[in-house]
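J.: pasting the sequence and the predicted coordinates here, then a few questions.
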Amino acid sequence: MTRTALKEVKQKTCKACGKKFRPSLSTQKACSVACALDLAKKPENQAVARKAIAQRERREIQVRKQKLKSRADYIREAQIEFNTFIRLRDKDEPCICCGSYGPGEDWLTGGKWDAGHFLSRGAYPELRFDEDNCHKQLKSCNGGSGKYAAKGRTVAQGYRERLIQKIGQERVDRLEGPHEAQRYTIEELKGIKALYRAKVKQLKEQAA
């Protein structure tokens, strides 16, 4: 039986002293511990090491944050992506409630536009991510949609009338009809976030 000869390790040049050596590892760059220490002291290598440490620390922080996140955090993140999509989808349309483009309120946090729900998220959580149930709305209209305020009734009435014009009576009837209770799992919320992030990206690319 013929014994296969071991492949000879190719020599390398030590990055520190310049001498030839045979490495025991493919990633080995120095011929000795002393040379490895000298190599590590070089400014360019220290910068690379600091960058690698910072990247590792960021990854560890992200992992810890993921472990600490509650279901409410996942809902909030998915809602942000969904609302961004709604505002982009309706960017050329007037307010769903009053039919106007509103005064110059772009200085407001997040601009003058909200992604306003026809049927509220609190009362109808199962319609939270329903695209028929959410449309571009002036902050001033959304802020005045209190349940018991006279303005709230006017806002809700205006929303419903313009919503019927926009999507039709049948789809509004569906929204107002009975729905099964919905409790999203964390995996479902992750999927919704990813879906609307992709939709936002697509709309931005189309607008470019």
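T.: Yep, it's here. Numbers count the residues shown, from 1 in each chain.

J.: tell me which residues of the helix or strand harbouring Cys35 come out buried.
T.: For Cys35, the enclosing helix or strand under DSSP states H and E is helix 33-41. For helix 33-41, a neighbour-count test (16 or more other CB atoms under 10 Å) marks 35, 38 as buried. (Glycine included, C-beta is placed from N, CA and C.)

J.: quick one: average confidence on it?
T.: Per-residue pLDDT values over helix 33-41 give a mean of 78.

J.: chain center to it: distance?
T.: Distance of helix 33-41 from its chain centroid, counting by CA atoms, centre = their mean, to the nearest Å, is 43 Å.

J.: which helices and strands sit right next to that helix?
T.: helix 43-68 (3 or more CB pairs under 8 Å, 6 or more residues apart in numbering; DSSP states H and E).

J.: helix or strand next in line after the helix it packs on, which one?
T.: helix 71-89.

J.: could you export that next one as PDB, CA atoms only?
T.: The C-alpha trace of helix 71-89 is given here as PDB (Å, rounded to 0.1, in the frame of the first residue of the first chain):
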ATOM      1  CA  ARG A  71     -44.200  42.500  21.300                       C
ATOM      2  CA  ALA A  72     -45.200  46.100  21.600                       C
ATOM      3  CA  ASP A  73     -41.800  47.100  20.200                       C
ATOM      4  CA  TYR A  74     -42.300  44.800  17.200                       C
ATOM      5  CA  ILE A  75     -45.800  46.300  16.600                       C
ATOM      6  CA  ARG A  76     -44.400  49.800  16.700                       C
ATOM      7  CA  GLU A  77     -41.600  49.000  14.200                       C
ATOM      8  CA  ALA A  78     -44.100  47.300  11.800                       C
ATOM      9  CA  GLN A  79     -46.500  50.300  12.200                       C
ATOM     10  CA  ILE A  80     -43.700  52.800  11.200                       C
ATOM     11  CA  GLU A  81     -43.000  50.900   8.000                       C
ATOM     12  CA  PHE A  82     -46.700  50.600   7.200                       C
ATOM     13  CA  ASN A  83     -47.400  54.300   7.900                       C
ATOM     14  CA  THR A  84     -44.400  55.300   5.700                       C
ATOM     15  CA  PHE A  85     -45.900  53.200   2.900                       C
ATOM     16  CA  ILE A  86     -49.300  54.800   3.200                       C
ATOM     17  CA  ARG A  87     -47.900  58.400   3.100                       C
ATOM     18  CA  LEU A  88     -45.900  57.500   0.000                       C
ATOM     19  CA  ARG A  89     -48.700  55.700  -1.700                       C
END
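
J.: need the contact list for Pro94.
T.: Contacts for Pro94 (CB atoms under 8 Å, 6 or more residues apart in numbering) come out as 100-101.

J.: start at 17, not 1
T.: Sure thing, new numbering starts at 17, so read that last one as Pro110.

J.: residue ranges of the helices in the protein, please?
T.: Along the chain, counting by DSSP state H, helices occupy 49-57, 59-84, 87-105, 155-158, 166-183, 185-192, 202-223.
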